[in-house]
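In: Sequence plus the predicted model coming up.
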Amino acid sequence: MATAPYFDGSQPCMKVDPEVFFPEMPVRPNAEDKRYYSIAVEQAKAVCSTCPFINECLSYALYNDVTGVWGGTVDTDRNQIRKNKKILPPKSMSLVTAQWLRAK
């Protein structure tokens, strides 16, 4: 498991609204919803592309259960990277919690 990236406040993502990195797609999106989501993701990825810590964020996101834009990627991007690099997907926190509760 990768450790969380160190944020000292100088990173580009620390200077914009955090909501930028968590665009949401409606459950039943129409064409306009999909277009809005794509634009929002591209805006977040543009911020990531200027960051010297992009690799640390991506590494963290590949090995941890995160949502949103991390290291210039979204969930589908990270799933493809994991597949290509033969990285096991991280266990979701709900699964980890359920396993812990069963063990008690």
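Out: All right, it came through fine.
In: mind listing what's buried in the biggest helix by length in the chain?
Out: If you go by DSSP state H, the chain has its longest helix at helix 31-48. By 16 or more other CB atoms under 10 Å, the buried positions in helix 31-48 come out as 36-37, 40-41, 44-45, 47-48. C-beta coordinates here come from the backbone N, C-alpha and C atoms, glycine included.
In: Export those residues as CSV, with columns for pLDDT.
Out: Shown next, in CSV, are the buried residues of helix 31-48 (pLDDT from 0 to 100):
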residue, pLDDT
36, 95
37, 95
40, 96
41, 97
44, 97
45, 98
47, 97
48, 97
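In: ranges for the strands of this protein?
Out: Read by DSSP state E, the chain holds no strands at all.
In: quick one: low-confidence parts of it?
Out: Residue ranges of the chain with pLDDT under 70: 1-3, 93-104.
In: where along it do the helices fall?
Out: For the chain, the helices defined by DSSP H cover 31-48, 54-63, 75-85, 93-103.
In: how much does the longest helix of the chain deviate in direction from helix 75-85?
Out: Here helix 31-48 runs at an angle of 60 degrees relative to helix 75-85 (axes from the mean of the first three to the mean of the last three CA atoms, to 10 degrees).
In: Check which helices and strands helix 31-48 is in contact with.
Out: Here helix 31-48 touches no other helix or strand, going by 3 or more CB pairs under 8 Å, 6 or more residues apart in numbering; DSSP states H and E.
In: who's in contact with that helix?
Out: Helix 31-48 has contacts (CB atoms under 8 Å, 6 or more residues apart in numbering) with 12-13, 16, 20-21, 23-26, 29, 54, 57, 68-74.
In: CA atoms of stretch 28-46 as CSV?
Out: The C-alpha coordinates for stretch 28-46 follow below in CSV (Å, rounded to 0.1, in the frame of the first residue of the first chain):
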residue,chain,number,x,y,z
ARG,A,28,-28.7,7.6,-15.6
PRO,A,29,-26.8,10.3,-17.4
ASN,A,30,-28.0,12.0,-20.6
ALA,A,31,-25.8,13.4,-23.3
GLU,A,32,-25.5,16.7,-21.5
ASP,A,33,-24.5,15.1,-18.2
LYS,A,34,-21.8,13.0,-20.0
ARG,A,35,-20.5,16.2,-21.7
TYR,A,36,-20.4,18.1,-18.4
TYR,A,37,-18.6,15.2,-16.6
SER,A,38,-16.0,15.0,-19.4
ILE,A,39,-15.3,18.7,-19.2
ALA,A,40,-15.0,18.6,-15.4
VAL,A,41,-12.6,15.6,-15.6
GLU,A,42,-10.5,17.3,-18.2
GLN,A,43,-10.3,20.5,-16.0
ALA,A,44,-9.1,18.4,-13.0
LYS,A,45,-6.6,16.5,-15.2
ALA,A,46,-5.2,19.8,-16.5
